[in-house]
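Provide a 3D model corresponding to the input given below.
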Amino acid sequence: MLFMMIVKASKNSEAGNLPSPELREAMTRYNEELVKAGVRIMAKGLHPSSNGIRLSYPKEGGTPVVTDGPFSDDLVAGFILIDVKSREEAIEWAMRMPDPQGFGDGQIELRQVFE
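You can find the predicted model right below:
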């Protein structure tokens, strides 16, 4: 079963600030554990939404409207894609992730991927 651990953005990540050296080290160890267990497919951080582009479709069948960032709603700072045996295992791995934003600002959304 594929699951995506979606790391929600914070004011800090949207400002383009890198995590502290301690948090980067903790996240490296966590990612190494995922790889060693054979469950990590991919892990990437994203640039702030100020570098983003959004396409919206205001009219059915119409031409999309292109809007440059920054955006203010429900933003993503990064993701980890894992392949596990069950929903419970996905939750267990997500629970082991260090606070991805530090300072108690982190939030992870766990979503199953259609296969």
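
could you give the mean pLDDT of whichever helix in the chain runs longest?
Looking across the chain with DSSP state H, the single longest helix is helix 21-36. The average of the pLDDT scores along helix 21-36 is 96.

Could you check the next helix-or-strand element following it and say which residues are buried?
Using DSSP states H and E, the helix or strand that follows helix 21-36 towards the C-terminus is strand 40-45. By 16 or more other C-beta atoms under 10 Å, the buried positions in strand 40-45 come out as 40, 43. For glycine as for every other residue, the C-beta is placed from the backbone atoms N, C-alpha and C.

for strand 40-45, packing partners?
With contacts taken as 3 or more C-beta pairs under 8 Å, 6 or more residues apart in numbering; DSSP states H and E, strand 40-45 sits against helix 21-36, strand 76-83.

Nearest to residue 55, out of the ones you listed?
Closest of the helices and strands packed on strand 40-45 to residue 55 is strand 76-83, at 15.9 Å (criterion: C-beta to C-beta).

That closest one pairs with which strands?
Strand pairing for strand 76-83, using DSSP bridges, gives strand 2-8 (antiparallel), strand 40-45 (antiparallel).

avg pLDDT for that strand?
On average, strand 76-83 scores 96.

distance between that strand and the chain's centre?
4 Å (C-alpha atoms, centre = their mean, to the nearest Å).

Tell me what angle it forms with helix 21-36.
20 degrees (axes from the mean of the first three to the mean of the last three C-alpha atoms, to 10 degrees).

Which one of the strands paired with strand 76-83 lies nearest to residue 72?
strand 2-8 (13.1 Å).

If we go by neighbour counts, what in the next helix-or-strand element following that closest one is buried?
The helix or strand immediately downstream of strand 2-8 is helix 11-14, counting by DSSP H and E. For helix 11-14, burial by neighbour count (16+ other C-beta under 10 Å) applies to 12, 13, 14.

Could you measure from the first one over to residue 93?
Per C-beta to C-beta, to the nearest Å, residue 12 is found 24 Å from residue 93.

Check residue 65 too.
38 Å.

how about low-confidence regions in this protein?
Flagging of the chain using pLDDT under 70 yields an empty set of residue ranges.
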